[in-house]
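>>> show me the folded form of this:
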Amino acid sequence: MGRFNTLKFSESGVRGIVGEGLTPRLVAELGAAFGLYRGGGRVVVGRDTRATGAMFEEALSAGLLSAGCQVVKLGVVPTPTIQFTVSRIGASGGIAITASHNPAQWNALKFIGGDGMFLDPAEAAELFDLYSQGNPPCRVEKDLRDVRTMTGAFAAHEERIFSVIDTERVRRRRFRVAVDCANGVGALYSAEFLRHLGCEVFPIHDETDGCFRRPPEPLPENLGALCETVRNFHCDIGFGQDPDGDRLTVVTDRGEALNPHYTVALAVEQVLDGGDPGPVVVNIQTSRLLEAIAASYHCGLVLSKVGEINVVEKMLETDSMIGGEGNCGGVIYRRVHSGRDSFTAMALILERLAFSDRPLSGIVAEFPAQYNLSARFPVPPIAARNVLDHFRRKYADRSPLTFDGLRFDLDAGRVLMRSSNTEPIFRLNVEAEERGAAEALLERFSAEIRAELTNEGEL
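Next up, the predicted model:
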């Protein structure tokens, strides 16, 4: 397949490879458009540890200033801290400079509304329309505002998290915890956060020089060093983060990295066990494990499209307090704030351990077995749409869900196909109760997708 532009505009923001579409000029212009869209006011800006972050922070500030905004810089902080701060101080909006789980050569802007939530698809489309018109007006000198620096943003975020869990019960357990900070924001905050919960902490990948010493997505296959640390130091649990601190993967006391779906499952179970009536909201890509957990507490499970804002909007619609995106280990607990948050997830899962007399490996052993596997194919948008249309027709007799890609059930297990919101790729996800069945489904549908891509001229 030939090269195509990696720059992607979506409700997840604007991201791309730096220098291949994503440039300081583009960032400044997007900042000006966002300032115009929000009508000026205070705009909170934060970033992760990527080497290009400081450069884009300056470009973004220039654009926001030109639109009459007051820029409030948080520096290097978790994305959930930026979201929490926007709503806490009543800002007009916020922007996180981070490409989240993407490799180091990527960066991105994530746009946050005044409610602390990411822009929904309609809001994002309006912003991008303003940007595409070009030449936004620049305020005259007397209307230009200043740039301010705010300290203590994460401390306020931590205080809110601790207010919704039983911190004393967690502290009494004196857990031994390993944490892989992915050389991201967690390197500045995670160890102290866990120590404040009474844990003995063994951090790795906690350098903050902008170099990622493992692939930034906290998938089990990328967490070998964390698993080894858990085993070597006899830890009760391990946590693997992504560079901006919204995703989390959990490692058991036996040094086994769990599928990210277990992150959401453990947090949801703790909240429901604490008496929350539900419903639980998860995206369409989340494991059937969540269906079983919700059913065991006699509460409803509601599905949304993939994407944080889609889950959050469905949570607001159904008055749900807990949910998330199992595919990325993204826990959303609205009693803290309306966004994915690895720090909230760590606190809830430690609380789950504190209320149990079993080790983590024993807790997850009681969950119904589900094997969730995935594959990805680089595909430009038009070809991806054509491939989806082909499979919708082919499996129409399976009563598929089609509100976000294509999901259907076979006797052997579940199949989901969809285009990524954040990268120009086509995703395949399968799930079955036995590993062999899941592997067979992955092989079968990978072959079918490759055959269709060949017909499209993309392979």
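>>> buried ones in stretch 169-188?
By neighbour count with 16 or more other C-beta atoms under 10 Å, stretch 169-188 contains the buried residues 170, 173, 175-188. The C-beta positions use only the backbone N, C-alpha and C, and glycine is treated the same way.
>>> what's the end-to-end length of that stretch?
Start-to-end span of stretch 169-188 (C-alpha to C-alpha, to the nearest Å) is 25 Å.
>>> same check on stretch 104-118?
Start-to-end span of stretch 104-118 (C-alpha to C-alpha) is 23 Å.
>>> which ones are touching Phe128?
Listed by C-beta atoms under 8 Å, 6 or more residues apart in numbering, the contact set of Phe128 reads Phe9, Ala33.
>>> what helix or strand does it sit in?
Element membership of Phe128 [criterion: DSSP states H and E] is helix 121-133.
>>> could you pull out the helices for the stretch 251-400 of the chain?
For the stretch 251-400 of the chain, applying DSSP state H, counting those that start in this stretch gives helices covering 261-273, 289-296, 308-318, 342-354, 360-365, 381-394.
>>> can you say which of the ones you listed is nearest to Ser61?
Ser61 lies closest to helix 308-318 among the helices of the stretch 251-400 of the chain, at 24.5 Å (C-beta to C-beta).
>>> quick one on the thing from earlier: out of the buried residues of stretch 169-188, who's nearest Ala96?
Distances from Ala96 to the buried residues of stretch 169-188, taken by C-beta to C-beta, are shortest for Val185, at 10.3 Å.
>>> what's the distance between that closest one and Gly152?
For Val185, the distance to Gly152 (C-beta to C-beta, to the nearest Å) stands at 15 Å.
>>> what does Leu303 give?
Taking C-beta to C-beta as the measure, Leu303 falls 38 Å from Gly152.
>>> which of the two has more neighbours?
Legend: neighbour count by other C-beta atoms under 10 Å for Leu303 and Gly152, higher for Leu303 (19 against 10).
>>> that one - nearest residue in space that isn't next to it in sequence?
Distance criterion C-beta to C-beta, 6 or more residues apart in numbering; nearest residue to Leu303, sequence neighbours excluded, is Ile284 at 5.2 Å.
>>> check contacts around that neighbour.
Contact analysis of Ile284 by C-beta under 8 Å, 6+ apart lists Leu303, Ser304, Lys305, Val306, Leu401, Phe403, Asp404, Gly405, Arg407, Leu416, Arg418.
>>> and with 7 Å instead?
Shown in contact with Ile284 (C-beta atoms under 7 Å, 6 or more residues apart in numbering): Leu303, Ser304, Lys305, Val306, Leu401, Asp404, Arg407, Leu416.
>>> in a markdown table, list the residues you listed along with pLDDT and distance to Phe193.
Shown next, in a markdown table, are the contacts of Ile284 (pLDDT from 0 to 100; distance: C-beta to C-beta, whole Å):
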| residue | pLDDT | distance to Phe193 |
| --- | --- | --- |
| Leu303 | 98 | 31 |
| Ser304 | 97 | 28 |
| Lys305 | 95 | 31 |
| Val306 | 94 | 28 |
| Leu401 | 96 | 38 |
| Asp404 | 95 | 33 |
| Arg407 | 97 | 36 |
| Leu416 | 97 | 34 |
